[in-house]
Structure formats: C-alpha cells, structure tokens
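Chemist: fold the following.
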Amino acid sequence: MQISRRDLVRSSAAVGGVAAIGGLGLADSAVAAGPLKLTTAKKVLTKGAPGVTGWRPIVTGPGERHSPRVGLGVAAKKGRARRRKSLLAFAQLSDVHICDAQSPMRLDNLDRGDDDNNHDGKIDGNGLFRSAWRPQEILGVHVADAMVRKINQIGRGPVLGQKLALALQTGDNSDTTQRNEIRWNIDVLDGGTVQVDSGDKTKFEGVIDNDPAYYDVRFWHPEGNPTGIDTVDMPRAEHGFPVVKGLLDAARAPFEAQGLKVPWYAAMGNHDGLFQGVTAASADTRTRAVGDQKKVAVGGVNGFRTVTADPARQELTRQEWVEEHFTTTGKPVGHGFTTDNRKKGTAYYTLDKGVVRFVVLDTVNLNGKESGSIDQAQFKWLKSVLKASRRKLVILVSHHTIETMDNDLTGIVDTKPRVLGTAILPVLLESENVIAWVNGHTHRNQIWAHKRKGGKGGFWEINTASHIDWPQQARLIEIADNRDDTLSIFTTMIDHAGPAEFDDDLTDPTKLAALSRELAANDWQEQQGGDRRGKRAARNSELLVPAPAFLLKKKKKK
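Modeler: Presented below is the predicted three-dimensional model:
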C-alpha cells in the first residue's frame, strides 16, 4: 500500500506530535513583542516522536533564553543591559547547497554506501557518502527563499533592536561548482523569478523520477511507483516517507523569490570551488558536466543513463565563480568581491561596517579535499590586515572552521605549502581586536572559546548549521558595547519561514520549504549523526569579550 501524505501526517501526529506540543511555554516576557518573538527565543521547532510509519513530524517547543558564556575569562557584569550600546546587527546564512539534482555530475549512486543494508538499525558506512544524495535536495532554493523571507520579516537584531546591516553567506552556496547552481543562489538572494531546472525542461531526469528502466528502490520516489512496478522503495517502506504526487514538477516550477532587503556578501566554500566539494576540476569533469551521461547503480549494478545535456552546467574556475557575483540585481554589486579579486582570481576581501571590520577568507584548497586551508599570499595579506585594523573590531568570516582547516594537499593546482588553522590561530590571538570568527561547513551549531594563554581575552568561533540538512537554520548576530570594559556578542537562531507542517500545497514555495524541513528531519542517514541543532549553549547565547584598548581610550576622551 502506498501511504499518502495526509495519512502520514495524521498517523505521526497522533502518536508523537500531541505529546510533544503539550508542554509548550515561553522563554520570558520580553519575547512577547518585537523581532525576538519571530526567533527561537519565542519557540523552537524540533523533531516529534515517530509515528506508526516511523515518520517524525515537526513540533513546536518552548523558546530558548540567551545563555551568557564567559569562556574568555570575562565576567558578565551586573547592569550591563541598561548600559549597553548596540554596534552592529547582521545575519549569517550557511551551506545552502543549491543543487542541480538532474546533473550528470551527481554521485547519487555512492549514497548507498551509508545505508542500513543489513536492516539492523545501523548505517553500514562511516558517513562519508551520506551527502551524495538527500531526499530534500530538490527544494534547496525554496529553503533559501524561505530564510530570506524570515530575515526580512525580522529586520532587526532581536535582542538590541538595531536594523540588520547586512547578511553573510559563509560558503557552499552551490553544491558542485556549476554555473547554473551559483546563478540560482545569486538570483534567489537578489529576488525575482527563479526556476531550478536543467536539461529537459518538460520532465525531471534523476534518481527519484518514475522512469521504470531506472527505478531504484533505495531512493525515495515522491510520485509513487512507476506503472508496472509493485515494489515500494525503501524510504517509503521502512522510514515512512510519503507519496507527494506532483512534487517533481512543483520543484522545477518558476516562482517569485522575495530577495534580501539588506546588502549581502559571499564567502567561498569547498562545494563552490570543487567537484562535489572534494575533487579539483579536470578536463574530464568539465566534459561530463555539460554532457548527457549520468552514473547510476540500479540493483547494485553500476552503469550510465542518458539525460539531456545542458551547457548551463559548466564547471567554474574560482575566477569565474567570483565573476558571477557581478551579474546581480542585489546590493552591493560583486557582493564583497573586488576589482582586484576579479583580476587576480582571488576570493578574499575586507568589509567595514561602522567600527566592525569583516575579514572574509577563502579557505578552499583547490588542490582538492573537503577540508580547508589558505595559501601563503593570503596569510601574508591577513597579517597585514590585522596590523592595519587597530581601531576596528575584527570579525573573520570563512566557510571552514579552524579545526577543519587541516588540508595540506598540494601539487594539483599549486605546489606551495598551505597554511593551516593551527598556524592562523596564534596570529589571531595576538590581536586583541579580533573578537569572533563566523563560519559553517560542519552543518552543526557550535561555539568555541579561543582564549589567550596566561590571561583573559581571545575570541569566539561561531559555527552555524546548514540550510540543506536538519535543522535548516540561520543565525542572527549582534555586537554590543556594554560600557563596562566588555563587549557582548548575541547569537540567535532562526528557523526559515516555512510552517511547521507541510499542508500538501505544492503551489507555495514557502510551503515547499516546510516539506524540505520535514524530509531533512527524517533522512535516515542523518539520524545516526546526532542532533545538528548542537548543544543548548551553541544556539541562543551571549558571548562576553573584553573591550579592546581603542574603545577604552574613546571612553576616556569623552
């Protein structure tokens, strides 16, 4: 029997949803008004208990207060809420992974290496291939638009009330460095008509379509079984995935994206610069990208199927990827990238907003591998920027975390030794003006304190979850001068504008984003990796930092 979407929701809600909603409460009275009520300080979306089919609904839970964190040895002084002055508020979006799910470059067949093939409740692989295919990947642009809508709706820093000055996109904005993917990413943030479709514009050609010749039971088929085939796919049979007839056409249909109402800036991620985020582009991959042969593994047998070729799937060099950001209707033109970046093919730059200087790094090693590092020229540039920023609060921005900047691979694109995170960290700790490093890559909410040896101070590393995987969140960040020799960095998680429950409406892109969230929450491979929402203190937090000397001098002059 094929379970309909409506039956699935009813069964799951009956078993798990009602109980989970029963204890709903509010974080505090301050949440009742203003932009804070539109964030996870008011309510959080979590996974409910599985229903009879195994499907988990999305349920609402109580909001979360901002937890003070004093890991840099700085006390949270009483009365700071009355004294503080807001300096800046901005949004961070990360790991959107806008995906051309019909591309010959997809490695969907490798995803099977991380399935529960023994049916013992355990994933067979080590997680290496679980991102090769995701049931929700056809809806990435709808999630991005829904997040844009939520950021626009909030409009201000939820704690301090200052207008959002900008939005930062911290890499993996596309999924496999194809031109059409990065165009869709830019277009959805700019606003206007967006259509995520490639190849044959009259039908979907990929592993989840209903072509009986390539029906693979190990993938979710939202349209149900092809004619003449009785076997129900594993996601529906074993994990409660629904039938959503019409989804493949709805996902490819054009819609009007709202576009960010604030200037937005981009950083490069490994999926933006490397084939599948891992391999340096080559003559072979460039030819395959625009060709018509797609790898498949039906019934465990590797082979190829013919799909419609599309020149828009061209793989981009770093210089070409940067150049795409100058074809835009949004602000600013180039989205942070400069004339120098265009000329030299680099992707790092600085951005000043008031007293705050953002230092945007390019941590992608184009020699290959998913982890990051920087080249020697960029390291030299970084040190010169820090030296010239003595009257600025410095926030680094990148795709990779410090820990994942361990990629020393050389020889494919360049031969010079790479600079790793372990070499960058002590340089940053020498500068009292560095207060934070904002990044992505891990698809998990995390915050680490990097403290100077022998005394107080240092900076916070703020790592934010992805749009493609559960929990599909972004982060709002606010900087405040507490006027007591300390600064506070407030971080607030936000869920996108999609409702908690998809109501079968395939015509509304925001409701398609809600379906994407449900699919992400029920991705059976992701269940093995723990909760990507992260620990409580890595979500809504107040991070205390000592104020640098130049701010203290300003106060004395007054």
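Chemist: tell me which helix or strand residue 510 sits in.
Modeler: In the assignment (DSSP states H and E), residue 510 maps to helix 509-521.
Chemist: just the CA atoms of that helix, as PDB, please.
Modeler: Extracted in PDB, the C-alpha atoms of helix 509-521 (Å, rounded to 0.1, in the frame of the first residue of the first chain):
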ATOM      1  CA  PRO A 509       7.400  28.000  -2.400                       C
ATOM      2  CA  THR A 510       7.400  28.700   1.400                       C
ATOM      3  CA  LYS A 511       5.300  25.600   2.000                       C
ATOM      4  CA  LEU A 512       7.700  23.500  -0.200                       C
ATOM      5  CA  ALA A 513      10.400  24.700   2.200                       C
ATOM      6  CA  ALA A 514       8.300  23.300   5.000                       C
ATOM      7  CA  LEU A 515       8.300  19.900   3.300                       C
ATOM      8  CA  SER A 516      12.100  20.100   2.800                       C
ATOM      9  CA  ARG A 517      12.500  20.600   6.600                       C
ATOM     10  CA  GLU A 518      10.300  17.500   7.300                       C
ATOM     11  CA  LEU A 519      12.300  15.500   4.800                       C
ATOM     12  CA  ALA A 520      15.600  16.600   6.300                       C
ATOM     13  CA  ALA A 521      14.400  15.700   9.800                       C
END
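Chemist: just want the phi and psi numbers for residue 350.
Modeler: phi -120, psi 160 (degrees, to the nearest 10).
Chemist: then residue 173?
Modeler: Dihedral angles for residue 173 - degrees, to the nearest 10 - are phi -70, psi -30.
Chemist: contact partners for it?
Modeler: Counting by C-beta atoms under 8 Å, 6 or more residues apart in numbering, residue 173 makes contact with 96, 97, 98, 182, 185, 266, 269, 272. Where C-beta positions appear, they are placed from N, C-alpha and C, glycine not excepted.
Chemist: quick one on the thing from earlier: what average pLDDT does the next helix or strand after the helix holding residue 510 get?
Modeler: Per DSSP H and E, the first helix or strand lying C-terminal to helix 509-521 is strand 541-546. Across strand 541-546, the average pLDDT comes to 98.
Chemist: follow-up on the earlier one: and the helix holding residue 510, what other elements does it pack with?
Modeler: Using 3 or more C-beta pairs under 8 Å, 6 or more residues apart in numbering; DSSP states H and E, the elements in contact with helix 509-521 are strand 58-62, helix 140-154, helix 247-252.
Chemist: same thing but 10 Å
Modeler: helix 5-12, strand 43-47, strand 58-62, helix 140-154, helix 247-252, strand 255-257 (3 or more C-beta pairs under 10 Å, 6 or more residues apart in numbering; DSSP states H and E).
Chemist: the fourth one: what's the following helix or strand?
Modeler: Following helix 140-154 in sequence order, the next helix or strand is strand 166-170 (DSSP H and E).
Chemist: for the stretch 101-250 of the chain, just list every one of the strands.
Modeler: In the stretch 101-250 of the chain, the strands defined using DSSP state E, counting those that start in this stretch lie at 166-170, 192-194.
Chemist: quick one, which of those gets closest to residue 492.
Modeler: Nearest to residue 492 among the strands of the stretch 101-250 of the chain is strand 166-170 (14.1 Å), distances taken as C-beta to C-beta.
Chemist: how many degrees apart are that closest one and helix 140-154 in direction?
Modeler: Relative orientation of strand 166-170 versus helix 140-154 (axes from the mean of the first three to the mean of the last three C-alpha atoms, to 10 degrees): 150 degrees.
Chemist: and residue 417, how far is that from residue 487?
Modeler: From residue 417 across to residue 487, the span is 36 Å (C-beta to C-beta, to the nearest Å).
Chemist: and for residue 325?
Modeler: Distance, residue 325 to residue 487, using C-beta to C-beta: 31 Å.
Chemist: cool, and residue 409?
Modeler: 37 Å.
Chemist: the more surrounded of residue 417 and residue 487?
Modeler: Comparing residue 417 with residue 487 by neighbour count (other C-beta atoms under 10 Å), the higher total belongs to residue 487, at 24 against 11.
Chemist: the more buried one contacts residue 434, doesn't it?
Modeler: No - assessed by C-beta atoms under 10 Å, residue 487 is found out of contact with residue 434, at 11.9 Å.
Chemist: give the residues shared as contacts by these two.
Modeler: 393, 545, 548 (C-beta atoms under 10 Å, 6 or more residues apart in numbering).
Chemist: okay, those residues in a markdown table with neighbour count and distance to residue 62 next?
Modeler: Shown next, in a markdown table, are the shared contacts of residue 487 and residue 434 (neighbours: other C-beta atoms under 10 Å; distance: C-beta to C-beta, whole Å):
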| residue | neighbour count | distance to residue 62 |
| --- | --- | --- |
| 393 | 26 | 33 |
| 545 | 25 | 29 |
| 548 | 20 | 37 |
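Chemist: closest to residue 443 out of the residues you listed?
Modeler: Closest approach to residue 443 among these (C-beta to C-beta): residue 545, at 26.1 Å.
Chemist: helix or strand for the closest residue to that closest one other than its chain neighbours, just tell me which one.
Modeler: Spatially, and ignoring its direct neighbours in sequence, residue 545 is nearest to residue 487 (4.4 Å; C-beta to C-beta, 6 or more residues apart in numbering). If you go by DSSP H and E, residue 487 is part of strand 486-495.
Chemist: sheet partners, orientation included, of that strand?
Modeler: In the sheet, strand 486-495 lines up against strand 473-481 (antiparallel), strand 541-546 (antiparallel) (DSSP bridges).
Chemist: could you export the ones you listed as TSV, including distance to residue 452?
Modeler: Putting those into TSV (distance: least, C-beta to C-beta, whole Å) gives the following:
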stretch	distance to residue 452
strand 473-481	20
strand 541-546	10
